[in-house]
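**Student:** okay, predicted coordinates and the sequence, questions at the end:
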Amino acid sequence: MDKKLLLYLITGIIFTFLAGTLLHFAYEWSGTNFWVGLFAPVSESTWEHMKLLFFPMLIYSMVSCILFRRAQGSPNESPLAYLKHNYPCICLGNALGILLGTSSIPVFFYTYSGILGAHCLFLDIVLFLCSVILGFICTYRTARTCSARKYAGLIYAALAVFALCFFVFTVYPPDLGIFIFMS
């Protein structure tokens, strides 16, 4: 595997995991600030915990994609120029990775808690880390192959809809299980 791409992915995994972990407490730390609650979990529901991956990975992806666009020089001079030149679909890969990683959280959670009949904090943390890694594996595969390029508009639109749903459903959560904490 390409060392520069691997470093980019590992940095993203670490950033997303640490930022997501801190984000778990941000709403309480802010004194239940409305604006913080749009981005951080306001309850212990599965839906709200999906924000822990979505927003940190989105921030990492947006910042890196802005830096890729601004990268100048030859691919031999700068790691950013190198990634931009050799992996033109890395930003699309990030978007698809965010969608896959975020969506895997409820799939993993309801699968293991359904099998065990309860949930376990340790397994919740492990599934969060697995979802982050899965998201960045998707980034890697998409960046290498550009296989999703023809669906770029759809992927970016889905990402925007997901973000909008987080905002709307934080304020007006539907009366569905994913929006209710199941102890």
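**Tutor:** In hand now; what should we look at? Residues are numbered from 1 along each chain as shown.

**Student:** tell me what the lowest-mean-pLDDT helix or strand in the chain is packed against?
**Tutor:** Least confident helix or strand, the chain: helix 79-86 with a mean of 85, by mean pLDDT, DSSP states H and E. In this structure, helix 79-86 packs against helix 3-29, helix 51-70, with contacts taken as 3 or more C-beta pairs under 8 Å, 6 or more residues apart in numbering; DSSP states H and E. No exception for glycine: its C-beta is placed from N, CA and C like everyone else's.

**Student:** list the contacts of it.
**Tutor:** Helix 79-86 is contacted from outside by 2, 4-5, 7-8, 67-76, 90, using C-beta atoms under 8 Å, 6 or more residues apart in numbering.

**Student:** what's the first helix or strand after it?
**Tutor:** helix 90-116 (DSSP states H and E).

**Student:** what angle separates that next one from helix 51-70?
**Tutor:** Per axes from the mean of the first three to the mean of the last three C-alpha atoms, to 10 degrees, the angle that helix 90-116 makes with helix 51-70 is 170 degrees.

**Student:** and helix 90-116, what other elements does it pack with?
**Tutor:** Helix 90-116 packs on helix 46-49, helix 51-70, helix 121-145, helix 152-171, going by 3+ C-beta pairs under 8 Å, 6+ apart.

**Student:** report the buried residues of that helix.
**Tutor:** 90-106, 108-109, 112-113 (16 or more other C-beta atoms under 10 Å).

**Student:** need the winner for burial among the helices and strands packed on helix 79-86.
**Tutor:** For the helices and strands packed on helix 79-86, the largest average neighbour count (mean count of other C-beta atoms under 10 Å) is found in helix 51-70, namely a mean of 19.

**Student:** which strands or helices does that helix pack on?
**Tutor:** Using 3+ C-beta pairs under 8 Å, 6+ apart: helix 51-70 touches helix 3-29, helix 79-86, helix 90-116, helix 121-145, helix 152-171.

**Student:** got CSV for the ones you listed, with distance to F54 too?
**Tutor:** Below are the helices and strands packed on helix 51-70 laid out as CSV (distance: least, C-beta to C-beta, whole Å):
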stretch, distance to F54
helix 3-29, 9
helix 79-86, 23
helix 90-116, 5
helix 121-145, 9
helix 152-171, 7
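
**Student:** where does the prediction get shaky in the chain?
**Tutor:** Residues of the chain that meet the criterion pLDDT under 70 lie in 182-183.

**Student:** many thanks, we can stop here.
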